[in-house]
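Engineer: Output the structure for:
(one chain, ligands or ions: 1)
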Amino acid sequence: MGKYSQSISKRFEHTKINAGYCLICGEYRKLSVDHVPPKGAITITKVEQRHISELTGADASRIKGVPSPNGSKFKTICHECNNRHIGWCDGEVANVCKFLTTQIKDYFFYANNVSTLIFSKVDAVKFARAMVGHILSATSVEECKIVQGNSEYLDPLKSFVLGNDKALQNSHDIYYWFYPFNKHLSAKCVSFYNNGHIAPVSLLSFFPIAFMVTKKNEGIYPSHSNKLSLTDKALVLDLSSRGFEYAEFPFHGLKGNQMMAYTEFQTIVSYPIGQ
Ligand SMILES: [Zn+2]
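Structural biologist: Predicted coordinates:
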């Protein structure tokens with residue numbers, strides 16, 4: 001037992017709570033379970049969660065993730081935010097992911113593709129509202145134990161999820177790209193440094209798409225990504241393998257003078273495990 005507790009992921013200390021300050025509306029309420037990635041967008045299986053920092057290092061193979069029999073879950077938002085603001089938009093994420101996945105299967109099954117690009121129609125506001133909501137929720141219950149202070153970076157994201165379609169207009173840009181892996185990454189806020197420039201990035205990546213929010217006109221993003229405008233009617237993914245090296249951005253393995261800083265409990269990976 002002692003050995004087991006030494007090797008369980010630190011994520012274990014960040015999951016248990018009943019009531020707290022909702023990380024979207026800020027009200028003190030009973031908190032509800034949010035699936036990240038959302039149900040419907042992926043096949044729900046038995047998974048383990050751990051902090052992304054626990055994926056590497058000498059002890060990585062000794063650490064046991066926190067198990068869940070039915071998908072990766074977070075209990076940091078209230079029932080109303082979960083259902084009224086995010087839940088009804090999850091269907092858009094599910095539809096887009098299913099449509100893209102069918103095309104991806106065909107792409108890799110038939111070798112004679114003339115283009116590496118695939119498309120899906122999208123309601124960009126609905127899609128982004130669900131994804132931003134899950135980014136805000138995918139963190140530690142520790143954040144729910146204190147009143148949320150004002151944040152120039154997070155406040156417009158919360159306002160957008162709560163229904164203000166124009167909240168991100170002057171504050172954030174959104175990027176996305178093909179994410180070809182079966183592990184799910186979430187990062188509420190990472191400060192990323194590249195070539196003398198530093199920017200905050202927030203991310204949710206699960207097959208087949210990586211979705212990232214960053215500061216407007218000052219962001220850092222992979223060169224193969226696409227910018228999402230909230231007036232877009234379609235998403236386009238480039239399936240070319242030249243993007244694979246950076247598909248796990250910003251956790252792709254730092255290159256050159258790149259650096260990053262983040263709070264461990266805000267960066268989480270979940271991955272399917274055997275039944
Ligand atoms: Zn709430």
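
Engineer: Can you tell me which residues in the chain are near the ion?
Structural biologist: 22, 24-25, 78, 81 (Cβ under 5 Å from the ion). Using the backbone N, CA and C atoms, a C-beta is placed for each residue, glycine as well.

Engineer: most surrounded residue in these?
Structural biologist: Cys81 (27 neighbours; other Cβ atoms under 10 Å).

Engineer: Now that residue: closest residue in space that isn't a chain neighbour?
Structural biologist: Nearest-residue entry for Cys81: Ile24, 4.2 Å, with adjacent residues in sequence omitted and distances by Cβ to Cβ, 6 or more residues apart in numbering.

Engineer: swap in Glu218?
Structural biologist: Leaving aside its sequence neighbours, Glu218 sits nearest to Ala199 (Cβ to Cβ, 6+ apart; 5.4 Å).

Engineer: since we're on the one you found, how many residues are nearby?
Structural biologist: Neighbours around Ala199, by other Cβ under 10 Å: 16.

Engineer: And Asn170, by the same measure?
Structural biologist: When neighbours are defined as other Cβ under 10 Å, Asn170 has 9 of them.

Engineer: Kindly list the main-chain dihedrals of the residue nearest to Glu218?
Structural biologist: With angles defined as degrees, to the nearest 10, Ala199 sits at phi -150, psi 150.

Engineer: ok, now Ser241?
Structural biologist: According to degrees, to the nearest 10, Ser241 has phi -70, psi -10.

Engineer: do you know how far it is from the ion?
Structural biologist: 41 Å (Cβ to the ion, to the nearest Å).

Engineer: Local confidence estimate at that residue?
Structural biologist: Ser241 carries a pLDDT score of 89 in this model.

Engineer: again with Ser72
Structural biologist: Note on Ser72: pLDDT of 95.

Engineer: all strands of this structure, in order?
Structural biologist: 19-21, 28-35, 47-51, 66-68, 73-78, 117-121, 172-178, 184-194, 197-206, 209-215, 226-228, 234-238, 259-262, 267-272 (DSSP state E).

Engineer: what does the fourth one contact?
Structural biologist: Spelled out, that is strand 66-68. 8-9, 11-12, 15, 46-50, 270, 273 (Cβ atoms under 8 Å, 6 or more residues apart in numbering).

Engineer: ok, Leu204 - contacts?
Structural biologist: So, once contact is read as Cβ under 8 Å, 6+ apart, Leu204 ends up touching 36-37, 131, 134-135, 138, 184-187, 210-212.

Engineer: cutoff 10 Å now
Structural biologist: By Cβ atoms under 10 Å, 6 or more residues apart in numbering, the contact list for Leu204 reads 36-38, 93, 130-138, 176, 179, 184-188, 210-213.

Engineer: one step back: ok, so of the residues of the chain next to the ion, who is nearest Gly243?
Structural biologist: Ranked by distance to Gly243 (Cβ to Cβ), these are led by Ile24 at 31.4 Å.

Engineer: what residue ranges in this structure score low on pLDDT?
Structural biologist: Confidence mapping of the chain against pLDDT under 70 gives the ranges 1-6, 275.

Engineer: Just list whatever residues bridge to the most centrally placed residue in it.
Structural biologist: Nearest residue to the geometric centre of the chain (Cα atoms, centre = their mean): Leu204, 1.5 Å. Beta-bridge partners of Leu204, counted by DSSP bridges, are Ser186, Phe211.

Engineer: measure it to Ser241 for me?
Structural biologist: 23 Å (Cβ to Cβ, to the nearest Å).

Engineer: Next: Ile52.
Structural biologist: 23 Å.

Engineer: okay, these two: which has more neighbours?
Structural biologist: Higher neighbour count among Ile52 and Ser241: Ile52, with 20 against 11, using other Cβ under 10 Å.

Engineer: number of nearby residues for Lys126?
Structural biologist: The burial count assigned to Lys126 is 18, neighbours taken as other Cβ under 10 Å.

Engineer: one step back: between the contacts of strand 66-68, which sits nearest Asp165?
Structural biologist: Ser270 (30.0 Å).

Engineer: so that closest one makes contact with Leu55?
Structural biologist: No. With contacts counted by Cβ atoms under 10 Å, Ser270 stays clear of Leu55, the gap being 11.4 Å.
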